[in-house]
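Colleague: What follows is a predicted structure for the sequence shown.
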Amino acid sequence: MEIVRNKLKFKTDLNKSVLLENFEERGWTEVPDSDDNWNMYWTCVNSVRDLFYSSTKLNDRQLINHFPNYYELTRKDYMAKNIKKYKRHLLKDNRSLNVDYLDFIPTTFILPSIIKILKIR
């Protein structure tokens, strides 16, 4: 894919004026849905799933605003779960020195499912 005179080509499936105005102010060019020659694809989560579960492959110059299972990092409860899992993995592999760097996880609650436990405390 070629970027002509540093002008990026974008594609979006969201009709948000703030996005369109921002991209256009930067001199970016919008491409039609059928065009695969784009640098930035600003999309909703469902479109990202469709993109990654299809045979479509991104090239080195293509970016999207979401990635599959992004909520595993962006939701605090999932992030805490994954970091705890990673800690267990490090301990299992006898790399306990590395675990000390993972002490930043705040206490995490999932409401309303945990409300009964909190009331008991």
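Modeller: Yes, it's here.
Colleague: which residues touch stretch 103-111?
Modeller: Stretch 103-111 is contacted from outside by 76-77, 79-80, 83-84, 118, using C-beta atoms under 8 Å, 6 or more residues apart in numbering. The C-beta positions use only the backbone N, C-alpha and C, and glycine is treated the same way.
Colleague: From the chain's centroid, how far away is it?
Modeller: With C-alpha atoms, centre = their mean, to the nearest Å as the basis, stretch 103-111 stands 20 Å off its chain's centre.
Colleague: now the end-to-end length of it.
Modeller: 23 Å (C-alpha to C-alpha, to the nearest Å).
Colleague: what separates Phe109 from Ala80, distance-wise?
Modeller: Counting by C-beta to C-beta, to the nearest Å, the gap from Phe109 to Ala80 is 10 Å.
Colleague: Same check on Ser113?
Modeller: Applying C-beta to C-beta to Ser113 and Ala80 gives a distance of 15 Å.
Colleague: How about Gly27?
Modeller: 41 Å.
Colleague: Which helix or strand contains Leu51?
Modeller: In this structure, Leu51 sits in helix 45-53 according to DSSP states H and E.
Colleague: any idea how this protein splits into domains?
Modeller: Domain segmentation of the chain under automatic domain parsing yields 9-68, 72-120.
Colleague: Could you list every helix and strand in contact with the worst-scoring helix or strand of the chain on mean pLDDT?
Modeller: The helix or strand of the chain with the poorest confidence is helix 96-99; it has a mean of 73 (mean pLDDT, DSSP states H and E). Counting contacts by 3 or more C-beta pairs under 8 Å, 6 or more residues apart in numbering; DSSP states H and E, helix 96-99 packs against helix 76-92.
Colleague: Packing partners of the helix it packs on?
Modeller: Counting contacts by 3+ C-beta pairs under 8 Å, 6+ apart, helix 76-92 is packed against helix 71-74, helix 96-99.
Colleague: mind giving me TSV with the ones you listed and columns for distance to Asn59 and mean neighbour count?
Modeller: Putting the helices and strands packed on helix 76-92 into TSV (distance: least, C-beta to C-beta, whole Å; neighbours: other C-beta atoms under 10 Å) gives the following:
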stretch	distance to Asn59	mean neighbour count
helix 71-74	24	12
helix 96-99	34	12
